[in-house]
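Asks: sequence first, then the predicted structure, then my questions.
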Amino acid sequence: MEADTETHKQTTLKVIATTGGFKTFVAFLAAMFIFLIVFLVGIIAGVSGFAAATEPNGAVNTHVSYSGSNATVAVLHVSGLIDDSNASYAEQAIDNILKDKNIRAVVLRVDSPGGGVTASDEIWHNIQRLKEAKLPLIASYGSVAASGGYYISCNADYILAQETTITGSIGVIASIMTFQDLLEKIGVKPITLIAKNSPEKSVANDVYRNWTVKDKQKVNGILNAMYAVFYSRVAEGRSTALYDEKKLKAVANGSAYTAQQSLSNGLIDGIGYLNDAIDLAQQRSGLTKTDATIVHYSRATPSFGGLLGVQSNNLTTSDIKSMLHEFAMPKLMYLYNQ
């Protein structure tokens, strides 16, 4: 009997419930999140150091696809997300084009879903310099030339899109991440102090709390102002095809369009490929009987760290903070969400 009792004691398991399990789990997730950030930063620093040693000098690469006479047609490529780096590249490329007196026409080759509001406007501004120099400007669209991609090219003399191009998406969006709920789960309570005479400073400017209706209204007001700029650019650039304001308003509602739809609603002038755009540029510049040289201007591949605004050879705590803050700040975008 005593042996049976002893055996029962040995085989009996006690399960004790704890109330701190969930908090421990959340804390573990938070720790893993921080570890992941540090890990990624390490990768960025390493890859950036390697890329900095191998990438070409300057932001612009040139490639001659056809070598003919001195008379030249420049093909300016703008691809990928439009950001400050892309805007800087476009400015430098346009500087180079304007310095070359042999260039008689420019084809703006766009393959971009758009991007930052200010970066898009800077590229638009620099492309205006080509028009002021009286260079024929033909836009050629690749797979996508939407939102900011359309913004930068809507002032071209003629716009050609491929059959499979997605374009349009005339509008502005903004995204924001707030951390209040996450911080509460891990027991962190941030405090943001505002100077007495600037009470509006925290409106739409505090990522450590959930946003109120007032916050959203503030950003909506800014978005509407940025949309007005976009609308005016299209109205000016497409004044011949979209002279009817009622029609323009109907088209510029944020919708994305196929090439055929864009042709019907006046956003583009024709359907064709890059070679067609180059031929048209030669015609517009009077080079139909000339064996013109074709030179492509493209963006030098940036380092991985450069994509995130981190200096490749000097990663600091301040860089990490800037990266985290960049993810948290509201971003006004002329961007087509695919």
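Replies: Ah, there it is.
Asks: quick one: low-confidence ranges for this structure?
Replies: 1-58, 204, 302-331, 337-338 (pLDDT under 70).
Asks: where do the strands sit along it?
Replies: Along the chain, counting by DSSP state E, strands occupy 60-66, 72-79, 103-112, 114-116, 137-146, 158-161, 166-168, 173-175, 256-258, 270-271, 293-299, 331-335.
Asks: any chance of the ones you listed in CSV, with mean neighbour count too?
Replies: Using the backbone N, CA and C atoms, a C-beta is placed for each residue, glycine as well. Formatted as CSV, the strands of the chain follow (neighbours: other CB atoms under 10 Å):
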stretch, mean neighbour count
strand 60-66, 14
strand 72-79, 24
strand 103-112, 25
strand 114-116, 25
strand 137-146, 26
strand 158-161, 24
strand 166-168, 25
strand 173-175, 16
strand 256-258, 19
strand 270-271, 15
strand 293-299, 19
strand 331-335, 23
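Asks: of those, which approaches residue 202 most closely?
Replies: Closest to residue 202 of the strands of the chain, according to CB to CB: strand 173-175, at 17.3 Å.
Asks: dump the strands of the chain to JSON lines, plus distance to residue 196.
Replies: Formatted as JSON lines, the strands of the chain follow (distance: least, CB to CB, whole Å):
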{"stretch": "strand 60-66", "distance to residue 196": "50"}
{"stretch": "strand 72-79", "distance to residue 196": "46"}
{"stretch": "strand 103-112", "distance to residue 196": "45"}
{"stretch": "strand 114-116", "distance to residue 196": "34"}
{"stretch": "strand 137-146", "distance to residue 196": "45"}
{"stretch": "strand 158-161", "distance to residue 196": "53"}
{"stretch": "strand 166-168", "distance to residue 196": "47"}
{"stretch": "strand 173-175", "distance to residue 196": "29"}
{"stretch": "strand 256-258", "distance to residue 196": "47"}
{"stretch": "strand 270-271", "distance to residue 196": "60"}
{"stretch": "strand 293-299", "distance to residue 196": "47"}
{"stretch": "strand 331-335", "distance to residue 196": "29"}
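Asks: which of the ones you listed sits closest to residue 286?
Replies: Using CB to CB, the strands of the chain put strand 103-112 closest to residue 286, at 7.7 Å.
Asks: find the nearest non-adjacent residue to residue 80, please.
Replies: Distances taken as CB to CB, 6 or more residues apart in numbering place residue 112 nearest to residue 80, at 6.0 Å, with adjacent residues excluded.
Asks: count residues in the vicinity of residue 130, would you?
Replies: By the measure other CB atoms under 10 Å, the count of residues near residue 130 is 22.
Asks: ok, now which ones touch it?
Replies: Counting by CB atoms under 8 Å, 6 or more residues apart in numbering, residue 130 touches 94, 97, 98, 106, 137.
Asks: could you do residue 69 as well?
Replies: Residue 69 neighbours (CB under 8 Å, 6+ apart): 290, 291, 292, 293.
Asks: residue 72 is in contact with the third one, correct?
Replies: Yes - applying CB atoms under 8 Å as the test, residue 292 and residue 72 come out as touching, 6.3 Å apart.
Asks: overlap of the contact sets of those two?
Replies: Residues touching both residue 292 and residue 72 by CB under 8 Å, 6+ apart: residue 104.
Asks: coming back round to it: nearest to residue 220, of the strands of the chain?
Replies: So among the strands of the chain, strand 173-175 is nearest, using CB to CB, at 8.6 Å.
Asks: for that closest one, name the packing helices and strands.
Replies: Counting contacts by 3 or more CB pairs under 8 Å, 6 or more residues apart in numbering; DSSP states H and E, strand 173-175 is packed against helix 213-237, strand 331-335.
Asks: could you give the angle of the longest one to strand 331-335?
Replies: Between the axes of helix 213-237 and strand 331-335, defined by axes from the mean of the first three to the mean of the last three CA atoms, to 10 degrees, the angle is 40 degrees.
Asks: in helix 213-237, which residues are buried?
Replies: Judged by neighbour count (16 or more other CB atoms under 10 Å), helix 213-237 contains these buried residues: 215, 218, 219, 223, 226, 227, 230, 231, 233, 234, 235, 237.
Asks: what about residue 124, neighbour count?
Replies: Neighbour count for residue 124, taken as other CB under 10 Å: 21.
Asks: pretty sure it sits against residue 232.
Replies: No - applying CB under 8 Å as the test, residue 124 and residue 232 come out as separate, 11.0 Å apart.
Asks: returning to what we had before: closest one to residue 245 among the strands of the chain?
Replies: Across those, residue 245 has its closest neighbour in strand 166-168 (17.2 Å, CB to CB).
Asks: now residue 119. Nearest residue, chain neighbours left out?
Replies: Closest to residue 119 by CB to CB, 6+ apart is residue 87, at 4.2 Å.
Asks: which ones are touching the one you found?
Replies: 116, 118, 119, 120, 122, 123, 126.
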